[in-house]
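*Asks:* Need coordinates for the following:
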Amino acid sequence: MGARYAAYRKMSKYDLKITGGMVANLSETFEADIAVCDGRIVAIGKDLGDAGRVIDASGKYVLPGGIEAHCHIEQESSSGLMTSDDYYSGSVSAAFGGNTCIVPFAAQHRGQTLKSVLELYHGRAGPKSVIDYSFHLILSDPTDDVLHRELPLAIEQGITSFKVYMTYDRLIVDDTQMLDILAVAKKHGALTMIHAENNAMIKWMSDKLVDSGHGAPKYHALSHPRTAESEAINRAIALAGFIDAPILIVHVSTEAGARIIAQARYDGRKVFGETCPQYMFLNAEQMDLPGMHGAKLCCSPPLRDRASQEEIWRCLQNGTFQVYSSDHAPYKFDETGKLHAGPDAEFPKIANGLPGIEMRLPLLFSEGFMKGRITLNHFVALAATNVSKIYGLEHCKGSITEGKDADIAIWDPEEIRTVTAGDIHDNMEYTPYEGMHITGWPVTVIQRGNVVVESNELMVDRGAGEFVRRRTIDCTGMPGRLAPELDPAKNFGVDFNL
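*Replies:* Residues are numbered from 1 along each chain as shown. As a prediction, this is how the structure comes out:
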C-alpha cells in the first residue's frame with residue numbers, strides 16, 4: 001500500500017463506507033469494510049473511521065462492479081439497422097444488472113475513416129452513458145491508411161481492441177486482410193477479437209434450406225452448422241499463431257470450437273475464449289414458435305441443442321472460456337428491428353441478435369454460484385477481473401483493491417426474482433429469459449464512489465459515465481511461437497515489421 005492510501009486510513013471522515021459485507025476478489029473472500037474517497041477505494045479493513053455515508057452490507061456480497069465487454073449499443077448494422085438501445089437505456093440496463101463499465105463496439109462500415117467512427121460514437125456515448133465506457137472498433141475496411149495511420153492512433157487513444165468478422169458479406173475480411181490486421185495489433189500491443197464462422201458454409205446451407213421451402217425462423221439454427229464455427233476458429237488461430245498475435249474468439253457456441261481453443265492454449269498460443277449466456281440457458285428447440293416469434297431468438301452463432309448447453313457450461317467451469325459476455329444486440333420484434341425485411345421474411349433476412357445485458361450476471365450468479373457450479377471467486381473473475389486484465393482495464397477496474405476505482409456491486413443472495421420483460425431496463429419489449437426464477441441480485445451498484453442503483457431506482461443522471469482509456473494487452477505468461485519463416489535469422493534477413 002502506497003503512502004497516499006496509508007494516509008487515508010488516518011482520515012476522520014471518508015466520503016463513503018461499506019460495512020458488514022463479505023468481500024470477494026479473484027482469489028480471496030473475506031469480511032471487511034471498504035472506505036472510499038474521491039471516487040477510489042482508499043482503505044479495506046475494520047474500524048476505518050467515520051464517513052459521510054455508510055451502507056450496511058450485512059448478509060450480502062460486496063463484489064467488483066461487472067464489466068460488460070461485448071455489447072452492441074446505438075450501433076448500425078452493416079445493412080443500416082440501428083439497435084434499439086441507445087447509450088442511455090443500454091447503460092442503465094447494464095447498471096441494473098450489476099455492471100459499472102461497458103465496452104461496446106464502434107463499427108466501421110466500408111468507406112468510413114476510423115476518425116469519423118470514433119467521433120460519432122464518442123458523441124453518442126458521452127452525453128448519455130450513466131456508467132463508464134470504452135469502445136472496441138469493428139474493422140471492415142482495413143485500407144493502408146486505416147492500418148498504418150488510423151489504427152495505431154486509435155490504440156494510442158486507449159482503444160486497444162478491435163473486432164473482425166469471418167462472415168457477413170458487408171463485414172467479412174479475407175485471410176490476407178486478417179493477417180495485415182493481426183500484424184498491426186501485434187506491433188502496437190492490441191487485441192483482435194474474431195467472429196469465427198465459415199461464411200461459405202453458412203451461405204450454402206441457407207440457400208439450400210430456403211430453396212427447399214424451409215425459410216421459417218427456426219431453420220436459422222440449422223443454417224449455421226457446428227463445423228462452420230470450428231473450421232473458422234481453427235483458421236483464425238492458425239493465422240494469429242503464424243505471426244504470434246493475441247486473439248480472442250468471441251461467442252463460442254460449440255464443444256468442438258472450445259476444444260480447439262483449449263488445445264491452442266495448451267500449445268502456447270496467445271488465444272482467449274468467450275461464451276455467452278444464450279449458449280448456456282437457451283436452446284434451438286425454443287425457436288420452434290408460432291408464426292414469426294422464433295425470430296426473437298435468431299442470433300449468430302445460433303442457439304444449439306441441450307447437450308451443447310452442458311458442454312458450454314463445462315468449458316466455462318474448467319477455464320476454457322476466460323470471458324463471459326452478453327453479446328447484447330437488441331432489435332425489437334417489429335418492422336424497425338427483427339422484421340425489418342417484412343412480416344414473413346425468411347430467416348436470412350431476420351436481424352440477428354438477442355437482448356441480455358441486464359441478465360448476464362444475475363443468470364450466472366443464480367445458476368452458477370448459487371447452485372454450486374462455480375465458486376464466488378470464479379464468478380468475480382468472469383464478471384469483471386478477467387475482462388479487466390484482457391482488455392487493459394486492470395489499472396483502474398476489476399477488483400476491490402486500494403487505489404482502484406470504487407466500482408462495486410452489492411449482491412443480496414436472498415433476493416428472488418422472476419424475470420419479466422417489464423422489469424428490465426433496456427429498450428425492448430421482450431426478453432429471451434422470460435419466466436426464469438433467479439436467486440441473488442445486485443441491489444446496490446456504485447460507480448467511482450457514487451451510488452448508481454439503489455432500492456431498484458436509478459440515482460444518477462445521463463452522462464455520469466466517463467470514457468476510460470485502456471492500456472495495451474499484457475501477454476506475460478503466454479509464450480507464443482512466431483513461425484520460423486518470419487524469423488529474420490532464418491529467412492535471409494527479411495524484416496516483416498512485426
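*Asks:* How is this structure divided into domains?
*Replies:* Split into domains by automatic domain parsing, the chain comes to 3-63+401-458, 66-378.
*Asks:* For the shortest one, what is the distance to the chain centroid?
*Replies:* A distance of 21 Å separates the centroid of the chain from that of domain 3-63+401-458, by C-alpha atoms, centre = their mean, to the nearest Å.
*Asks:* can you check the last one too?
*Replies:* Taking C-alpha atoms, centre = their mean, the mean C-alpha location of domain 66-378 is offset from the chain mean by 8 Å.
*Asks:* Quote the end-to-end distance of that domain.
*Replies:* End-to-end distance of domain 66-378 (C-alpha to C-alpha, to the nearest Å): 13 Å.
*Asks:* To Ile390, which of the domains of the chain lies closest?
*Replies:* Each of the domains of the chain was checked against Ile390 via C-beta to C-beta, and the shortest separation belongs to domain 66-378, namely 5.9 Å. In this view, the C-beta of every residue, glycine as well, is placed from N, C-alpha and C.
*Asks:* after the least confident helix or strand in the chain by mean pLDDT comes which helix or strand?
*Replies:* Counting by mean pLDDT, DSSP states H and E, the weakest-scoring helix or strand in the chain turns out to be helix 3-8, with a mean of 56. Scanning forward in sequence from helix 3-8, with DSSP states H and E defining helices and strands, the next element found is strand 13-19.
*Asks:* Tell me which other helices or strands that following strand touches.
*Replies:* Contacts defined by 3 or more C-beta pairs under 8 Å, 6 or more residues apart in numbering; DSSP states H and E place strand 13-19 against strand 33-37, strand 50-56.
*Asks:* Turn these into CSV, including mean neighbour count.
*Replies:* Putting those into CSV (neighbours: other C-beta atoms under 10 Å) gives the following:
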stretch, mean neighbour count
strand 33-37, 24
strand 50-56, 14
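*Asks:* which helix of the chain spans the most residues?
*Replies:* With secondary structure taken from DSSP state H, the chain has its longest helix at helix 226-243.
*Asks:* Mean confidence (pLDDT) on it, please.
*Replies:* Taken as a whole, helix 226-243 has a mean pLDDT of 97.
*Asks:* ok, residues contacting the next helix or strand after that helix?
*Replies:* Following the chain from helix 226-243 toward its C-terminal end, the next helix or strand by DSSP H and E is strand 247-249. Judged by C-beta atoms under 8 Å, 6 or more residues apart in numbering, the contacts made with strand 247-249 from elsewhere in the structure are 161, 182, 191-194, 196, 233, 236-237, 240, 257, 261, 270-274, 323, 390.
*Asks:* Mind checking which of those residues are in strands?
*Replies:* Using DSSP state E, the subset of the contacts of strand 247-249 located in strands is 161, 191-194, 271-274, 323.
*Asks:* Most widely separated two among these?
*Replies:* The span of these, defined through C-beta to C-beta, is set by Ser161 and Gly273 at 15.0 Å.
*Asks:* What residues sit buried inside stretch 245-263?
*Replies:* Counting neighbours by 16 or more other C-beta atoms under 10 Å, one finds that the buried residues in stretch 245-263 are 245-258, 260-262.
*Asks:* can I assume Glu429 sits in a strand?
*Replies:* No: assessed with DSSP: H, G, I helix; E, B strand; the rest coil, Glu429 is coil; it does not lie in a strand.
*Asks:* Tell me if I'm right that it and Tyr331 touch.
*Replies:* No: counting by C-beta atoms under 8 Å, no contact exists between Glu429 and Tyr331, whose distance comes to 10.9 Å.
*Asks:* Looking at these two, which one has more neighbours?
*Replies:* Here Glu429 and Tyr331 are compared on neighbour count by other C-beta atoms under 10 Å; more neighbours surround Tyr331, at 27 against 14.
*Asks:* Can you get me a residue count around Ala200?
*Replies:* Look at Ala200: counted by other C-beta under 10 Å, it has 10 neighbours.
*Asks:* Let me have the helices and strands packed on strand 13-19 in JSON lines, adding distance to Tyr87 and mean pLDDT as columns.
*Replies:* Below are these laid out as JSON lines (distance: least, C-beta to C-beta, whole Å; pLDDT from 0 to 100):
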{"stretch": "strand 33-37", "distance to Tyr87": "26", "mean pLDDT": "98"}
{"stretch": "strand 50-56", "distance to Tyr87": "27", "mean pLDDT": "97"}
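*Asks:* deepest of the domains of the chain, which one?
*Replies:* Each of the domains of the chain was given a mean neighbour count from mean count of other C-beta atoms under 10 Å, and the largest, a mean of 21, is that of domain 66-378.
*Asks:* can you pull the alpha-carbon coordinates of stretch 96-103 into CSV?
*Replies:* Listed in CSV are the C-alpha atoms of stretch 96-103, where the atom choice follows Å, rounded to 0.1, in the frame of the first residue of the first chain:
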residue,chain,number,x,y,z
PHE,A,96,-29.2,-2.6,-13.0
GLY,A,97,-27.5,-5.9,-13.9
GLY,A,98,-24.6,-5.1,-11.6
ASN,A,99,-22.2,-3.6,-14.2
THR,A,100,-20.2,-0.4,-13.7
CYS,A,101,-18.4,-0.4,-17.1
ILE,A,102,-19.3,-1.3,-20.6
VAL,A,103,-17.2,-1.7,-23.7
